[in-house]
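[1] sequence unknown, structure follows:
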């Protein structure tokens, strides 16, 4: 008896299609279910029946020797293919994927890419020219059918007729109608779509159907995209001979591939993520799949709950009114059930009080959704993935698709272990988390704030990193060792050391430190040495809180600082304005790092260097900055600094050099002028002594300098200048502060001070 072949043309990830597929399978009871999917994953199909498998999930097919060359095949609970797989496994039917194997598709894509690079398609298959409208229809044939039916887009048309369909009507008859509609579209648009490998794909599907028939299966059901349905029927098998299909597949060499299941997310199932078969509303489709009755009531209740979670009003009466409005709109529009458009309009009008901005939260968290799937532990995985999974469980780090803030206190053992894991993953380019730039004004070394979010593509990153080792610790250490041996960039090496210290990789630290010593010993670029020293200085701050041997780095820091002190003045000779600005920034950065260390010897050497630079004949921008840093660190007295400022701004100096001196001294903060009236008087006197022509030349530089001050600083400086301050009549800084004391205002705070200080208040 000839095999009975039934083609179920579906739309990928459609709940209505999935429901109709299940009904058709229950009616037909096939002994073979053939599904459009990668045959490369044949060995892992059976895992789809595992109770621990919770969509959204995806088949990951990749080359073992080159994991980055991979492809994903996502499934949701409401995907027709997923429901067909589950039904076939539970019913004992043979379940197979029949699409062109990904290994062969990869070869076909490369051949097409090579053809595209030449700009000349093969003469036997000339590329037709289409109008804009035809191009839109070619990308999605549903668009043409929707326009013919009077709908604005294919999504709305398909959703109205299929996804929102109810009742126990004839599902097989419905799929026959879909097949006929797609056959008409193929006749109008041509035998191929925009996919260059589509003929080979359809040839392989026909070949797989013939193989199933030859094996003796009596009732065969094929679940495929609706576009392919007309060329897979019994009539199509006769029209396209086995020889012609074999000719299409001839010459495609097969690559070695591996397949597994990985968690997926709804936002990656959305078409807005760039996924070719994506849908607009995965969260809404899940709602349609789960809830067969009271669709609008349940949906709007979820919307109200979400709004309340966001501290927005959502009263019970508003929910009732929203349901009534949405259902009324659906009735007026002739819809069998209330759709997402009606629910959205009712939500904005009533629950959101006409404010469409609140719909953004609803769209992100409900319409698209934030679900992350789960796969069973016995799914194929590299050892590194199993070690990472074990660490995530032991450290109680939940894997989620939602961005989560992780505030880690390094004084706690579990938080310290979490931090080390995240830093090791960062070294391996598995960016599960990132350190937040805003540490919420914390200056302590024992706090870290991470933003963690798991993304599906990280599964490939884990597979790629598996070549370095079977555990996260070993892989990170091996990666660091390889990078250390193959780079001569000192800044990269020292920046890597920061991560390695935080990741607690002792063997890698020693190897990296030795490499830094080797590279720094032959480096003559002082700028690079300064860039390299800054991350090393940060490492010394961790101390015993993180339980890292930061003392190992101290000799390296001392050696680099000595080389910088010896070479900085020659490096500052003959600098132009741009180079001087870069050197000033480097000096600022290094000064800030050294100031955070409790190393008096390092700071004494640095102050001595700043004083030498302040007396040297180098660019005035650098000289002015050195004196400002000396004043801030008490390396120079206020009297000495005022004298140097006066010399730098003396009328005999070149105005351009004087303004550069002032810019270097004042850039970034005007507090020194507020609290030291002598310095303010010197600056005021210098500005007043400039002629009109010279003032116009240096004014842009002065304006640039003062623009870096905070607005309150500029206001206070202006108020002090209104008192007529000059060099000759101002008092020392400390006296000026007490002269500004207002006894009336001071009396207001005396009771508070007495309460705080008690008997010590005098």
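    Yep, it's here. Keep in mind that this is a model prediction, so the values were computed, not measured.

[2] What is the burial count for the residue nearest to residue 46 when sequence neighbours are not counted?
    In this structure, residue 46 finds its nearest non-sequential neighbour in residue 89, 6.8 Å apart by C-beta to C-beta, 6 or more residues apart in numbering. The C-beta positions use only the backbone N, C-alpha and C, and glycine is treated the same way. By other C-beta atoms under 10 Å, the residues close to residue 89 number 18.

[3] Of all the residues in the helix or strand harbouring residue 89, which ones are buried?
    Per DSSP states H and E: residue 89 is located in helix 80-91. For helix 80-91, a neighbour-count test (16 or more other C-beta atoms under 10 Å) marks 80, 81, 82, 83, 84, 85, 86, 87, 88, 89 as buried.

[4] for that helix, what is the average pLDDT?
    Here helix 80-91 scores 95 as its mean pLDDT.

[5] Also stretch 694-710?
    Mean per-residue pLDDT for stretch 694-710: 75.

[6] Residues contacting it, please?
    Contacts to stretch 694-710, defined as C-beta atoms under 8 Å, 6 or more residues apart in numbering, come from residues 655-656, 658-660, 662-663, 666-670, 687, 690, 714, 717.

[7] what's the lengthiest strand in the chain packed up against?
    When the chain is parsed with DSSP state E, its longest strand is strand 66-75. Judged by 3 or more C-beta pairs under 8 Å, 6 or more residues apart in numbering; DSSP states H and E, strand 66-75 is in contact with strand 57-63, helix 80-91, helix 102-118, helix 458-465.

[8] would CSV of those with distance to residue 593 be doable?
    Putting the helices and strands packed on strand 66-75 into CSV (distance: least, C-beta to C-beta, whole Å) gives the following:
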stretch, distance to residue 593
strand 57-63, 43
helix 80-91, 55
helix 102-118, 49
helix 458-465, 31
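
[9] Residue 268 contacts residue 74, correct?
    Yes. With contact defined as C-beta atoms under 8 Å, residue 268 counts as touching residue 74 (6.9 Å).

[10] higher neighbour count, the two?
    More neighbours surround residue 74 than the other of residue 268 and residue 74, with 27 against 21 (other C-beta under 10 Å).

[11] Now do residue 86 against residue 534, distance only.
    Going from residue 86 to residue 534 by C-beta to C-beta, to the nearest Å gives 57 Å.

[12] whoops, I mixed them up, residue 431
    Note on residue 431: its distance to residue 534, by C-beta to C-beta, is 23 Å.

[13] So if I had to pick from those two, which one is more boxed in?
    The neighbour count for residue 431 versus residue 534, taken as other C-beta under 10 Å, is higher for residue 534 (18 against 14).

[14] Isn't the more buried one up against residue 590?
    Yes. Counting by C-beta under 8 Å, residue 534 touches residue 590, with 6.0 Å between them.

[15] quick check: domain ranges of this protein?
    Split into domains by automatic domain parsing, the chain comes to 4-119+196-273, 291-368, 383-464, 487-623, 637-762.

[16] What's the mean pLDDT across stretch 504-516?
    Here the average pLDDT along stretch 504-516 is 83.

[17] Also stretch 24-32?
    The average pLDDT within stretch 24-32 is 94.

[18] And for stretch 350-364?
    87.

[19] what's the answer for stretch 368-383, then?
    For stretch 368-383, mean pLDDT is 88.

[20] Just the residues contacting it, thanks.
    Residues outside stretch 368-383 that contact it (C-beta under 8 Å, 6+ apart): 44, 47, 50, 52-58, 258-267, 270, 272, 281-283, 286, 364, 389, 399-402, 454, 462-463, 466, 470-471.

[21] okay, how far is it across that stretch, tip to tip?
    With C-alpha to C-alpha, to the nearest Å as the measure, the ends of stretch 368-383 fall 33 Å from one another.

[22] sorry, back to before: of the domains of the chain, which approaches residue 182 most closely?
    For the domains of the chain, the distance to residue 182 is smallest for domain 4-119+196-273, at 5.2 Å, taking C-beta to C-beta.

[23] ok, back up a step: output the buried residues of helix 80-91 in TSV; the columns should cover distance to residue 209.
    What follows is the buried residues of helix 80-91, written out as TSV (distance: C-beta to C-beta, whole Å):
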residue	distance to residue 209
80	18
81	16
82	21
83	20
84	15
85	17
86	21
87	19
88	15
89	20
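
[24] And those, which is closest to residue 173?
    Nearest to residue 173 among the buried residues of helix 80-91, with distances taken as C-beta to C-beta, is residue 80, at 16.9 Å.

[25] any idea how far the helix or strand that contains residue 303 is from the chain center?
    Residue 303 is located in helix 295-309, with elements delineated by DSSP H and E. Distance, stretch centre to chain centre, for helix 295-309: 29 Å (C-alpha atoms, centre = their mean, to the nearest Å).

[26] List the buried residues in it.
    For helix 295-309, by 16+ other C-beta under 10 Å, it's 295, 296, 297, 299, 300, 301, 302, 303, 304, 306, 307.

[27] The helix holding residue 89: how far from the chain's middle?
    The answer for helix 80-91 is 34 Å, by C-alpha atoms, centre = their mean.

[28] which residue ranges form the strands in the chain?
    Taking DSSP E as the criterion, the chain carries its strands at 4-10, 32-35, 57-63, 66-75, 94-97, 219-225, 258-263, 404-409, 433-435, 447-452.

[29] quick one: which of the buried residues of helix 295-309 is nearest to residue 172?
    Nearest member of those to residue 172, counting by C-beta to C-beta, is residue 295, at 25.5 Å.

[30] Low-confidence stretches in the stretch 1-150 of the chain?
    Along the stretch 1-150 of the chain, the model assigns pLDDT under 70 to residues 1, 106-140.

[31] What sits closest to residue 310 if chain neighbours are left out?
    For residue 310, ignoring the flanking residues on the chain, the nearest one in space by C-beta to C-beta, 6+ apart is residue 361 at 5.8 Å.

[32] didn't the one you found look like it was pressed against residue 306?
    Yes. If you go by C-beta under 8 Å, residue 361 and residue 306 touch, sitting 6.8 Å apart.

[33] Is residue 90 in contact with residue 49, as I believe?
    Yes. Under the criterion of C-beta under 8 Å, residue 90 makes contact with residue 49 at 6.6 Å.

[34] Out of the contacts of stretch 694-710, flag the one nearest to residue 636.
    Closest approach between those and residue 636, by C-beta to C-beta: residue 666, at 15.4 Å.

[35] And the pLDDT at residue 739?
    Confidence score, pLDDT, at residue 739: 47.

[36] err, residue 544, not the other one
    As predicted, residue 544 sits at a pLDDT of 45.

[37] tell me the contacts of residue 690?
    655, 698.

[38] 10 Å - rerun?
    Residues in contact with residue 690 (C-beta atoms under 10 Å, 6 or more residues apart in numbering) are 649, 651, 655, 658, 659, 696, 697, 698, 699, 702.
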